[in-house]
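# sequence plus predicted model, see below.
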Amino acid sequence: MNPAIDPTVARLEQELKHTRGLIGCRFDSTGRFLFVSSEDDLIHRYDLLGGAPTPLVGHKSWVRGMAFIGPDAAGSAELEAWGQRRRSLHAVAGFAGETLPIPKPAPFVLVSGDYHGNLIWWQAELPEPKPIRTVEAHKGWVRAVTTSADGKTIASCGNDNLVKLWNAQTGAFIRNLEGHTSAVYNVAFHPDGNRLASCDLKGVVKDWNWKTGTAERELDAKVLTKFDPTFMADIGGARAIRFTPDGSRLGCAGIVNVTNAFAGVGNPAVVMFDWKAGTSKLLKTKEAFQGTAWGFAFHPEGFSIIAAGGSGGRVWFANPDEATTFHMLTVPIGVRDMDIAPAGNRFACAGANGTVYIYTFTPGATPAKPAPAKKK
Amino acid sequence: MPRCDYACASTDHAVNRRAFLGAAGAVAALGPLGFAAPGAAKQLAKQQKRVLVIFLSGGVSQLETWDPKPNTDTGGPFKAIATSVPGTHICELLPQTAKHMHQMAIVRSLNSVSNDHGIGAKIMLTGRKPEAALEYPHIGAVTAKLLGDTSGSALPGHIQILPKGGSGFGKGDAAFLGPKFGAVTLGEGKPPSDLLRPANLTVGSDAAREAFRRKLNERFAKSRKSASTDAYTESFAQAEEVVKQAEVFDVDKEDPKVADRYGRHDFGRHLLLARRLLESGVSSVKVSHSNYDTHHENFDFHIEQLAEFDQPFAALLDDLSDRGMLDSTLIVVMSEMGRTPKINDRYGRDHWSKAWSVALAGCGIKGGAVVGKTNANGTAVVDREVYSSHLFHTYLAAVGLDATKNFYPNERPVPIGDPEAEKISEILA
């Protein structure tokens, strides 16, 4: 493990506040921008190099699915170098000497999906991004959007029980992946470029050859679902789904042990699949917590991060192949989504109170706030 | 969070055929004394009227049903959709219902006072705030009493269909009207377990047994006839008729295509059963749909529950209309409360009684009417606030009854409806 990445020293680096509850969050592939969706139907772009957030106005409902087409993730190294230069400059001249211009971002596209069933393509690096195109993609909610490893295909899934594939550049419909019998909660491309995994409300995970549209096999994540006989309704599904970078494992996060669906009484957990063998283990949190794992991701260093909301907010860290977590952070509010920056140096939690909590793995002093500008 | 007063599955509520019928018959022993509204039945004799209450248990969200507030801080993710009434929009989760809005009315300004499940249900079903000194009868019992005599049906006048629990006889909901008008409960939509003749009892044996019972009864009545023996005799006569109509309870007798239209799930079957009961002369039916108490993931659960509600509800309106029954059947869609406009941190909505909605359709209702208004984000009533008591008067007025009259339990006048309230004329035809 990179000694610079130690989950046990993870600390709150920054809070980004919005007035409405947050729904989703995703870093772009350089890690410079964080896109956050909220209950006011907006997506907010935060430039972590500085400046005010930029609202992306176009959706008319809530957005949870967000995926990117470009730019090259190598850009993140340049941004780190820029950050180093700025810190050096601050050390010499203080914030008053902040003259280093913020670099111009490389072009990239955001594809976002909303609860009215629409996908919107945005030229996301522009000062004021506007929708490039809007596609009526699903009947009912779009629950997740993701991009293939080669960046050429977008997959979306939703309440119409479908996974749909789209040409990333043109937005043209490619094909449906049909077979789920309940709402499809999440979708992820396998890094090998040939397979795609999707998980529905009933905990059915399908392994698709997405180039032929064939479901090759079905995996069982039914521990994440329950029909609550008291309330007579189903609860479940993968609220987050991720492959490891090498594709050897798939994690589906959600809620288990539900005793009261309508109060959210259950525990966060991740069904961890050995992708090749199709076998699974349940990753539970070491500390008792009532709620749902709304965010899950594999860190480039191999450990995984689970973020949950319910009776408060929590983040846990787990080592590969272990059945429980080894470290926990308390987040001030229920977490509704989580993403790790591509460089692995930080992660963001979307809070139900409208605040994004950004945590860093870098030990050291929290950067001081810039001093107010002096009056001339 | 208050504990929900949901259907109890205990054996305490299960009764057998004898109790089921005996209880209904035994009330006849009370005789007409204590009950009034004389002439009410005659008033309705020309055409039987019926009442169907659809009770969305747990507290349905008004924002996800009848009073959507899209793109506001409380609105949630759903659209408002156009209905068959120009200018009236409801939530997108009710697309089939929206096509029937011209047959319906909405009250969007209800304050039901209590955020407690049990108290809220009582307030909504009795049209009164609970009083320590007197239990008031539920709307089903009241309408069974006041409408039932006109039906000529041998079936109980008041039946409720619950999504689970045992079948039985609910003594409480009739209050001073007496158990005859209390709801007979069909848990899971099933009739009392031994309603039908046991398989090991032949038709001949059953007939011989019944003939012997009649003979003994007649002999006894010759010398010791009384109101009680008449009631006893009546209860068995009613039992015989109910058994003859046992098929009414069997929705499998329906054309599969009809069952498909209602949906192949419990609530679909239960609304189909409700239609069969109403057709067979039952004057008051209540069907509960569980559950809407969505403190967590309100939006996901309303998708699931309202999808179950929407299709069979629309099918029911179609069927009643096709049969010429909609004009004589009042349908009320209510809950014990609404849900908070504020969305909590678990995507839930909590208990809310201050400003929510009830929908009505059918008999006596002015189709397409919308009365009352909440503010832009649904947090307060801004026009025509009404209470459950106003609704209670309205239900009775819709079926031609006057809630300003009295019942006379123990020869003491008790107003049928809360005397401080009145009917909501704007939604009455």
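Looks like it arrived, so ask away.
# residue A:120: which element?
strand A:118-123 (DSSP states H and E).
# residue numbers of the stretch 1-150 of chain A in contact with chain B?
Residues of the stretch 1-150 of chain A lying near chain B by C-beta under 8 Å from any C-beta of the partner chain: A:20-21, A:39-41, A:60-62, A:114-116, A:140-141. All C-beta atoms are positioned from the backbone trio N, CA, C, and that covers glycine.
# OK, contacts around residue 247?
Since no chain was named, I'll use chain A. Shown in contact with residue A:247 (C-beta atoms under 8 Å, 6 or more residues apart in numbering or on different chains): A:190, A:191, A:192, A:275.
# actually it's chain B I care about, not the one you picked
residue B:253 are the contacts of residue B:247 under C-beta under 8 Å, 6+ apart.
# wait, a strand at it?
No: according to DSSP: H, G, I helix; E, B strand; the rest coil, the state of residue B:247 is helix, so it is not within a strand.
# what's in contact with the strand holding residue A:120?
Strand A:118-123 is contacted by residues A:43, A:56, A:58-61, A:107, A:109-114, A:129-137, A:142, A:145, A:154, A:156, A:166, A:171 when judged by C-beta under 8 Å, 6+ apart.
# for ChimeraX, what selects the buried ones among those residues?
Isolation of the buried members of the contacts of strand A:118-123 (16 or more other C-beta atoms under 10 Å in any protein chain shown) is achieved in ChimeraX through the command below:
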select /A:43,56,58,59,61,109,110,111,112,113,114,129,131,135,137,142,145,154,156,166,171
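# among the contacts of strand A:118-123, which are located in helices?
Judged by DSSP state H, helices contain none of these.
# so of the contacts of strand A:118-123, which ones are in strands?
A:43, A:56, A:109-114, A:131-136, A:142, A:145, A:154, A:156, A:166 (DSSP state E).
# host element of the residue in the stretch 301-429 of chain B that chain A sits nearest to?
Using C-beta to the nearest C-beta, the single residue of the stretch 301-429 of chain B nearest to chain A is residue B:345, 3.4 Å away. Using DSSP H and E, no element contains residue B:345; it sits outside every helix and strand.
# spatially nearest residue to it (excluding sequence neighbours)?
residue A:352 (3.4 Å; C-beta to C-beta, 6 or more residues apart in numbering or on different chains).
# the stretch 151-300 of chain A: helices as residue ranges?
With DSSP state H, counting those that start in this stretch as the criterion, the stretch 151-300 of chain A has no helices.
# can you list the residues of it near chain B?
Checking the stretch 151-300 of chain A against chain B by C-beta under 8 Å from any C-beta, the hits are A:159, A:183, A:229-235, A:261-264, A:291-292.
# shaky segments in chain A?
Within chain A, the stretches with pLDDT under 70 are A:1, A:3, A:73-78, A:90-99, A:365-376.
# in it, which residue is most central in space?
residue A:339 (4.2 Å; C-alpha atoms, centre = their mean).
# about what we covered before: what about burial for the contacts of residue A:247, which qualify?
Buried, going by 16+ other C-beta under 10 Å: A:190, A:275, out of those.
# show me where the stretch 101-250 of chain B has its helices.
Counting by DSSP H, counting those that start in this stretch, the helices of the stretch 101-250 of chain B are B:117-126, B:139-147, B:203-224, B:227-244.
# make JSON lines from these and add mean neighbour count and mean pLDDT to it.
Below are the helices of the stretch 101-250 of chain B laid out as JSON lines (neighbours: other C-beta atoms under 10 Å in any protein chain shown; pLDDT from 0 to 100):
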{"stretch": "helix B:117-126", "mean neighbour count": "22", "mean pLDDT": "98"}
{"stretch": "helix B:139-147", "mean neighbour count": "28", "mean pLDDT": "95"}
{"stretch": "helix B:203-224", "mean neighbour count": "11", "mean pLDDT": "85"}
{"stretch": "helix B:227-244", "mean neighbour count": "16", "mean pLDDT": "64"}
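# so which of the ones you listed is nearest chain A?
Here helix B:117-126 is closest among the helices of the stretch 101-250 of chain B (C-beta to the nearest C-beta), at 11.9 Å.
# for that closest one, which helices and strands make contact with it?
strand B:50-57, helix B:139-147, helix B:388-398 (3 or more C-beta pairs under 8 Å, 6 or more residues apart in numbering or on different chains; DSSP states H and E).
# angles on the backbone of the residue in the stretch 151-300 of chain A that chain B sits nearest to, please.
Using C-beta to the nearest C-beta, the single residue of the stretch 151-300 of chain A nearest to chain B is residue A:264, 3.4 Å away. Dihedral angles phi and psi of residue A:264 (degrees, to the nearest 10) take the values phi 70, psi 30.
# swap in residue B:357?
Backbone torsions for residue B:357, taken as degrees, to the nearest 10, come to phi -130, psi 150.
# quick one: it and residue B:64 touch, right?
No: between residue B:357 and residue B:64 there is no contact under C-beta atoms under 8 Å: 10.6 Å.
# between these two, which has more neighbouring residues?
residue B:64 (29 against 25; other C-beta atoms under 10 Å in any protein chain shown).
# any low-confidence regions in the stretch 51-200 of chain B?
By pLDDT under 70, the low-scoring segments of the stretch 51-200 of chain B are B:149-152, B:169-171, B:192-196.
# so which residues of it form strands?
Along the stretch 51-200 of chain B, the stretches classed as strands by DSSP state E, counting those that start in this stretch are B:80-82, B:89-91, B:104-110, B:158-162, B:168-169, B:184-187.
# nearest to residue B:321 among the ones you listed would be which one?
strand B:104-110 (11.8 Å; C-beta to C-beta).
# which elements pack onto that closest one?
By 3+ C-beta pairs under 8 Å, 6+ apart, strand B:104-110 packs against strand B:356-362, strand B:370-371, strand B:373-374, strand B:381-383, helix B:388-398.
# please repeat the previous calculation with a cut-off of 7 Å.
strand B:356-362, strand B:370-371, strand B:373-374 (3 or more C-beta pairs under 7 Å, 6 or more residues apart in numbering or on different chains; DSSP states H and E).
# for the first one, which strands pair with it and how are they oriented?
Looking back up the chat, that one is strand B:356-362. strand B:104-110 (antiparallel), strand B:329-334 (antiparallel) (DSSP bridges).
# ok, residues contacting it?
Contact with strand B:356-362 is made by B:62, B:65-67, B:103-108, B:110, B:317, B:320, B:326, B:329-334, B:337-338, B:391, B:427, as judged by C-beta atoms under 7 Å, 6 or more residues apart in numbering or on different chains.
# again, but for stretch A:165-185
Here stretch A:165-185 makes contact (C-beta under 7 Å, 6+ apart) with A:69, A:121, A:133, A:135, A:143, A:147, A:151-159, A:161-164, A:198-202, A:204, A:206, A:208, A:210, A:213, A:215, A:237-239.
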